[in-house]
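A.B. asks: Sequence and predicted structure, then a few things I'm wondering about:
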Amino acid sequence: MVRWLFALIVIVIVGFFIYVKIGNKMPEDLGVSDGLLKSCPTSPNCVSTQASPDDVVHYVEPIIYTGDRKATQLMIESHMLGKGRVRIVTSSLGYVHFEVKSLFVGYVDDVEFYLPEGDSVVHFRSASRIGYSDFWVNRERVRQITDLLVN
């Protein structure tokens, strides 16, 4: 009986890590299209400045910045890379996409920043690739970037 229970626990744990590995594939439709980042899914593990303001689960305020667009983007990139377990997937003036990997399980979040030309605003999308809840990790990430740029 104990052996069967142990075997079942091992199978569940191995299955979970296989699920994480398979589910962590990068979505193909990230980036900016017609001035918009990808919409959030219905699950609460995503936040976006471009969600509807009525969507209290997903919407966060855009970040208004002062100063130079390029310098602001470099400040964001430096801050994000300083966090560890972060890599830049794409970076061009006005857009940057990061992958952020969780410490223990290996969940991956896609974090995108869009700084439209001629507008002192940072649009932001942070979304977990798999799972349902993110324990407010993405919302906290927005708060940190807002604090960085506003204070």
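C.D. replies: Cool, got the structure. Numbers count the residues shown, from 1 in each chain.
A.B. asks: any idea where the strands of the chain begin and end?
C.D. replies: Residue ranges of the strands in the chain, as given by DSSP state E, are 46-48, 63-64, 86-92, 95-101, 108-114, 121-128.
A.B. asks: I'd like the ones you listed as a markdown table, with distance to L8 appended.
C.D. replies: Where C-beta positions appear, they are placed from N, C-alpha and C, glycine not excepted. Shown next, in a markdown table, are the strands of the chain (distance: least, Cβ to Cβ, whole Å):
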| stretch | distance to L8 |
| --- | --- |
| strand 46-48 | 33 |
| strand 63-64 | 47 |
| strand 86-92 | 36 |
| strand 95-101 | 28 |
| strand 108-114 | 28 |
| strand 121-128 | 27 |
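A.B. asks: What segments of the protein are helices?
C.D. replies: Defined through DSSP state H, the helices belonging to the chain, from first to last, are 2-23, 69-81, 137-150.
A.B. asks: Where among the ones you listed is average confidence lowest?
C.D. replies: Per-segment confidence across the helices of the chain bottoms out at helix 2-23, which has a mean of 62 in mean pLDDT.
A.B. asks: okay but N45 is in contact with S133, surely?
C.D. replies: Yes. With contact defined as Cβ atoms under 8 Å, N45 reaches S133; the gap is 5.9 Å.
A.B. asks: higher neighbour count, those two?
C.D. replies: The residue with more neighbours, out of N45 and S133, is N45; 24 against 10, by other Cβ atoms under 10 Å.
A.B. asks: Contact partners for the more buried one?
C.D. replies: N45 makes contact with A127, S128, G131, Y132, S133, D134, N138 under the criterion Cβ atoms under 8 Å, 6 or more residues apart in numbering.
A.B. asks: Select only the buried ones of those residues in PyMOL?
C.D. replies: Selecting only the buried entries of the contacts of N45 in PyMOL, with 16 or more other Cβ atoms under 10 Å as the criterion:
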select buried, resi 127+128+134+138
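A.B. asks: just curious, which of the contacts of N45 is nearest to V2?
C.D. replies: The shortest distance between V2 and any of the contacts of N45, using Cβ to Cβ, involves G131 and amounts to 31.0 Å.
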